[in-house]
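1. any chance you can model this:
(one chain, ligands or ions: 1)
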Amino acid sequence: MNIYPIQTGTVAIKSKQRIGQGQGLMRQVNLLFDHSWTEFLPIYAWVIEHSEGVVVVDTGETARTAQPDYFPKWHPYYRFAVRMNVLPEHEIGPQLRSLGIKPQDVKKVILTHFHTDHAGGLSHFPSSEILVSEQDYRIARTISGRMSGYLPQHWPSWFTPTGIRFEQASLGPFKNSYRVTTQGDVIVVPTPGHTAAHVSVIVRDDDCYFFLAGDTSYTEQALIERQVDGVSPNAKVARQTIDNILEFAENQRLVYLPSHDPQSTMRLEKRQTLSAG
Ligand SMILES: [Zn+2]
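-> Below you'll find the model as predicted:
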């Protein structure tokens, strides 16, 4: 089994999105009025070459974000709080081809959540089964979903994902899980926080676990410091997920790979585990 990172461009966000400040809704207000930006951060998706078929985790961002009408103009977050830098060659389709993988040969795609920088590359996978959190999928299509920044208008017309049905099969502190492979070495676990029904993917290879974290935290450091980001709808829920990951890492060799951590690829390459870090 091999895991490869695919960087689909970069994104800059407000510092108070990376690490939230204040209570409740004020956290989102604070990030909108924050004058301090992060550096441009990578937008990672992941490819798992598995004997049962290729699995892709998240689809990254699309170059169409550079078009002037791509983001809704009425939306304060897109107007004031995010900057994308994605070229057509950064998209996941061409990058898979350069790894020698045809997108149509990807058996399954798993979305950690529906934010645009994770769902932006969906159009490259018309023939793959796409696994998503049912709850996130439902929320993303509501008015309040659009207010929180989901862009269902950009999903492909053929998009009919499979909802993940978690089973009562625990994996460390995660009480429920969903097997993606029959071998049980690629597993989805619920990691609510950054979005209400965010999920993460755990890949087991020999004695090592790779935690494809999506946005459970923006960096490993933020995880270790138990810092909740500025967009999580419920900070308490997000912190419980952080604690679950930290507990899991206490008992396993765990390589933690968030989608926007510039150190993620180095950790993947060196198999640098959380405790060793
Ligand atoms: Zn996100």
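
2. OK, contacts around the residue of the stretch 51-200 of the chain found nearest the ion?
-> Distances between the stretch 51-200 of the chain and the ion by CB to the ion are smallest at His115, namely 3.4 Å. Placement of C-beta: from N, CA and C, glycine included. By CB atoms under 8 Å, 6 or more residues apart in numbering, the residues touching His115 are Gly149, Tyr150, Thr195, Asp215.

3. could you list which of these also contact the ion?
-> Restricting those to those near the ion by CB under 5 Å from the ion leaves Asp215.

4. from the contacts of His115, pick the one nearest Phe166.
-> Sorting the contacts of His115 by how near they are to Phe166, with CB to CB, puts Thr195 at the top with 15.8 Å.

5. any figure for the gap between the residue of the stretch 51-200 of the chain closest to the ion and Asp205?
-> Distance of His115 to Asp205, given as CB to CB, to the nearest Å: 27 Å.

6. for Thr219, same thing?
-> For Thr219, the distance to Asp205 - CB to CB - is 23 Å.

7. more crowded one of those two?
-> Thr219 (19 against 16; other CB atoms under 10 Å).

8. over to the nearest residue to that one once chain neighbours are set aside: give its phi and psi.
-> Once flanking residues are discounted, Thr219 sits nearest to Asp261: 4.5 Å by CB to CB, 6 or more residues apart in numbering. Backbone geometry at Asp261, expressed as degrees, to the nearest 10, gives phi -90, psi 120.

9. ok, Asp261 - contacts?
-> Here Asp261 is in contact with Leu41, Pro42, Tyr218, Thr219, Glu220 (CB under 8 Å, 6+ apart).

10. quick one: which of those has the most company?
-> Counting neighbours by other CB under 10 Å, Tyr218 comes out on top of these with 24 neighbours.

11. am I right that that residue is in contact with Tyr256?
-> No: using CB atoms under 8 Å, Tyr218 makes no contact with Tyr256, being 11.8 Å away.

12. which elements pack onto the worst-scoring helix or strand of the chain on mean pLDDT?
-> Every helix and strand in the chain was compared by mean pLDDT, DSSP states H and E; the lowest is helix 26-32, with a mean of 87. Judged by 3 or more CB pairs under 8 Å, 6 or more residues apart in numbering; DSSP states H and E, helix 26-32 is in contact with helix 15-18, helix 76-80.

13. go again using 7 Å as the cut-off
-> Judged by 3 or more CB pairs under 7 Å, 6 or more residues apart in numbering; DSSP states H and E, helix 26-32 is in contact with helix 15-18.

14. of the contacts of His115, the lowest pLDDT goes to which?
-> Within the contacts of His115, Gly149 has the lowest pLDDT, namely 88.

15. just the element for that residue, please.
-> If you go by DSSP states H and E, Gly149 is not part of any helix or strand.

16. burial measure for Asn30, as a count.
-> Neighbours of Asn30 using other CB under 10 Å come to 17.

17. send the alpha carbons of stretch 145-155 over as PDB?
-> C-alpha atoms of stretch 145-155 as PDB (Å, rounded to 0.1, in the frame of the first residue of the first chain):
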ATOM      1  CA  GLY A 145     -25.400  25.400   4.700                       C
ATOM      2  CA  ARG A 146     -25.000  28.100   2.000                       C
ATOM      3  CA  MET A 147     -24.700  30.700   4.700                       C
ATOM      4  CA  SER A 148     -21.800  28.700   6.200                       C
ATOM      5  CA  GLY A 149     -20.100  28.700   2.900                       C
ATOM      6  CA  TYR A 150     -21.000  25.400   1.100                       C
ATOM      7  CA  LEU A 151     -21.200  25.700  -2.700                       C
ATOM      8  CA  PRO A 152     -23.600  22.900  -3.800                       C
ATOM      9  CA  GLN A 153     -24.300  24.900  -7.000                       C
ATOM     10  CA  HIS A 154     -20.800  23.800  -8.200                       C
ATOM     11  CA  TRP A 155     -21.300  20.100  -7.600                       C
END
